[in-house]
Structures are given as structure tokens and as C-alpha cells.
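Student: this is a predicted model, with the sequence first.
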Amino acid sequence: MSLLVTLVSAHTQLFTCILKLGSQQASPVPLHAGASCAARNHYKVLVLVLGGGSGEITMSAHTKRKPSKRHFYQPIWTLVGAGAKQLSSSGSPTESAIPSSVEWIKARAVELNPDKDCIHTDNGKEISYKYLTIALGIQLDYEKIKGSHYSVKTLCRTSRRAVPVFTFPNTPVKCAGAPQKIVYLSETYFRKVGKQSKANIIFNTSLGGILGVKKYADALQEIIQERNITINSEKQEAVFENLNKPGETHVISYEMIHVTPPMSPPDVHKTSPVADAGWVDVDKETLPHKRYPNVSGIGDCANLPMLKTAAAAAAQSGILERTISLIMKNQAPKKKYDGYTSCPLVTGYNCVILAESDYNAQRLETFPFDQSKERLSMCPMKADLIPFLYWNMMLRGYWRGPAFLRKLFHLSMS
Ligand code: UQ1
């Protein structure tokens, strides 16, 4: 099976709130990631993260047992897959991405025990904590689709051959926009090189529609129709099951297939007491765990009902920082998360629809213009400004999402 490309967003080390909380600690704030051991085994604040580049880590058991050497800004991988950015621009040594006030315990969590305020690691240690934040991201279940891999190791092999098939699985995924951005970019590429008549493109998705927010879905549907994204080919075959009629299958032949693998909660909390169907069961507004107030969850691993993106995690980090500060003072959390999530939908090499919405799938746009239109002006934002924000502000604790910009723009317009 030939396949591959691209992208995954969101699972992100949330250093933002750790940094703030770190400054309140007597002892350093440990992070938990790859593999080796720590001398200390009690921490005031313990943050569990899956080390740098979840795709890479999930991909091989071998890698799993080693600390990840590089941390990747995964949202840029669509552009790498499309040949518009270099892979080298997307990563940096994990060590340098971790704030100096944070201690990195290079071991894997194998068991969470919130009743005893401790976790167990794969090197046989028990680590206890006073406050725990779970930021373990989402797991890519490659083995569920034979031959699939969707990671940093293969994304540079973005196929530009005719007759590509793209997919979207029937599970929550990180950055739900990614599997369709690469469709638009491939179609644009074929047009650019004058091969669109040969390239029959299919996007086979398990979702009922293209996107939950109607205004963006309508705009994208138009793009799909205009560009005649459909099927065909003869060489290799993929079998799809009709999810509305289990057992009913159809076969599609392809020259290149881009498989977005099914995803699931990380194994360590699939069956742990903190889980609700595997996801960390947090209060959707203030983010502490519903039954363990000294435990909280953030990012892709939490059972929050919005699209899982890095932008959502950034917004949650601002809320969680305040929630934990108040919990530490035995006060009730006040600040509420509105479900902000965002996906810059790259619809071509020079156009982006900047989708931003809340828990109710209502638009929550930062800028004072209609963001459902494809815009050239949003391209440098996606390609350069947001990566800059990520590396220099979010990972250093200075970026909690664009709510303040939204207020500023909308105030000055009213
Ligand atoms: C954002 O804050 C963010 O996190 C750093 C992203 O993740 C990669 C985004 O894609 C977007 C769109 C935002 C929102 C930022 C602005 C300036 C609208």
C-alpha cells in the first residue's frame, strides 16, 4: 500500500500554565515524557505530557521507549506535505522547548492512581503529586488500518501522483481540518502543473458534513464542487465500510492513498479512574476533573466537545492556569472556557479560511471581517505568524489564545 502524507495538529505540550504555576513552587515543576528516571518522587505540580511529536512516538514501540529528541509544531505539516514549507522548520530539540524551571522526567506513565495521588512509570517508580495536569494528547492507532502511517517520518513523501484518495476516520482526531486541507492543496497542485484532468480526487470522510460550523461548511462545499473533487483509478484498492449500513462495503482503487488513522485516548488513561470513555473527564468550563479536584486535563486528551486543536489548547491553558491557582487556595474556579477552537483551513497555496468557533459551533471570529471567505491575507498568518506565536509565546507562557484581540477589534468596530 503506498500512502501518506501529512499532518496532525494539536497535541501540544502545554507549558503555558506550567510556567505560571512553576513560579509559585518551592520545587521545580516536573514534566513527564519519554524514558529514564528521576531521583525525586514527590512533586507539588505534576504535568503529564506525551513527549515531542506524538505521531513519531506513537508510531513505533521502539521510539516509545526513548525520550523524544525533537518537539514538532505539527500544524505546519500540511504545508510541508504540500511542498510549501521545509520539514526542518517544524521541529526543535525538546529540551530547548521545555522551560528551564521545569524538570523533565524521561519516563512513561503506565498507571494513574488519583485515589492515592500518584502515578507509576515504566521504570518501576511511583511518583506522587499534590496537583496533576494530564496533557497526554491523543493516540494514533496505526494498526487499525493496515499499512497506514501518518507521521513526521513519511510526510515528506506527499504524493503528487494522480488519482489520490484521502480519508477521515470515524473517531475524534486532532486537527480535524488537516485531512481536508491536504485535499485542497493536492487539487491546487494538480491545477498548477496542468494535470487536473488526470487527477481524480476523492475525499472519503466518515463525517456527516464537511465541518460543523454552517457558514464555513457552505464555503468549503462550494470549493469542493467548483474543483470537481471526485473518484477514480484502477491500480490499488481500499475497502470502505458504510458506517450507516454496517457490513456494506465498497472498494476504491487508487494510485495514492492518504490515510488519516483512527485515533483514541492514550492507553494509560483508557481504563483509569480519571477516564470517561477513555478521555479525561473534566468540567467543560473550568477544566478540573469532575471527581478529583486536584487533577485537571487539557488539550486533546480531555473529553471536551470541540474540535481538538492547538488553538483550543492555548485558550484552555489560560483558563486552567487560573483554575489551578484558585484550587491551590481552596477557592472555587471562576474563569470559564467557551470552547474556543480554530483551524486555518488551507484551501490552496494562496488562500486560507480561518475557522474559529465555540462549543455551540457558533463562529467566534477574531478579525472584524468575514473569515469564511478564502483570503490571501490569512496565509502569512498560518505559515509564519502563528508558528512564531507558538514557539515564542505559547511555549513560554505568554499566549492564551486570541480572545483579547477579538475584544479589541470588535470594540474598536462597534
Ligand atoms: C492559535 O492561537 C493557535 O495556537 C497557537 C493556533 O494553533 C496552531 C491556530 O491555528 C490559531 C488560528 C490560533 C488563533 C490565533 C489568531 C491570531 C487568530
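Tutor: All right, it came through fine.
Student: beta partners for the nearest residue to residue 280 once chain neighbours are set aside?
Tutor: Leaving aside its sequence neighbours, residue 280 sits nearest to residue 297 (Cβ to Cβ, 6 or more residues apart in numbering; 3.2 Å). For every residue, glycine as well, the C-beta is placed using N, CA and C. Counting by DSSP bridges, residue 297 forms beta bridges with residue 134.
Student: residue 297 touches residue 290, doesn't it?
Tutor: No: using Cβ atoms under 8 Å as the test, residue 297 is too far from residue 290 to be in contact (10.0 Å).
Student: what ranges do the strands span in the stretch 301-414 of the chain?
Tutor: Taking DSSP state E, counting those that start in this stretch as the criterion, the stretch 301-414 of the chain contains strands spanning 341-348, 351-357.
Student: near the ligand, which residues of the stretch 1-150 of the chain show up?
Tutor: residue 75 (Cβ under 6 Å from any ligand atom).
Student: thinking again about what came up before, who has more neighbours, residue 297 and residue 290?
Tutor: The neighbour count for residue 297 versus residue 290, taken as other Cβ atoms under 10 Å, is higher for residue 297 (28 against 14).
Student: secondary structure element for the residue nearest to residue 92 when sequence neighbours are not counted?
Tutor: Spatial nearest neighbour of residue 92, excluding adjacent residues (Cβ to Cβ, 6+ apart): residue 71 at 5.9 Å. Assigned by DSSP states H and E, residue 71 belongs to strand 70-72.
Student: check the offset of the following helix or strand past that strand from the chain's centre.
Tutor: Next in sequence after strand 70-72, counting helices and strands by DSSP H and E, comes helix 77-81. Chain-centre distance of helix 77-81: 14 Å, with Cα atoms, centre = their mean, to the nearest Å.
Student: could you list every helix and strand in contact with the helix or strand following helix 77-81?
Tutor: For helix 77-81, the succeeding helix or strand toward the C-terminus, using DSSP H and E, is strand 91-93. If you count contacts as 3 or more Cβ pairs under 8 Å, 6 or more residues apart in numbering; DSSP states H and E, strand 91-93 packs onto strand 70-72.
Student: and the average pLDDT for the strand it packs on is what?
Tutor: Averaging the model's pLDDT scores along strand 70-72 yields 84.
Student: now for it, which elements pack on it?
Tutor: helix 54-59, strand 91-93, helix 94-97.
Student: quick one: the strands of the stretch 301-414 of the chain as JSON lines, columns for distance to residue 206, mean neighbour count and mean pLDDT too.
Tutor: Compiled in JSON lines, these are given as follows (distance: least, Cβ to Cβ, whole Å; neighbours: other Cβ atoms under 10 Å; pLDDT from 0 to 100):
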{"stretch": "strand 341-348", "distance to residue 206": "18", "mean neighbour count": "26", "mean pLDDT": "95"}
{"stretch": "strand 351-357", "distance to residue 206": "19", "mean neighbour count": "24", "mean pLDDT": "97"}
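Student: out of those, which comes closest to residue 88?
Tutor: Of all these, strand 341-348 sits nearest to residue 88, with 19.8 Å by Cβ to Cβ.
Student: parallel or antiparallel, which strands does the closest one pair with?
Tutor: So strand 341-348, judged by DSSP bridges, has these partners: strand 351-357 (antiparallel).
Student: and the closest residue to the ligand within the stretch 1-150 of the chain, how far from residue 296?
Tutor: Residue nearest to the ligand within the stretch 1-150 of the chain (Cβ to the nearest ligand atom): residue 75, separated by 4.3 Å. From residue 75 over to residue 296 the distance is 24 Å, taken as Cβ to Cβ, to the nearest Å.
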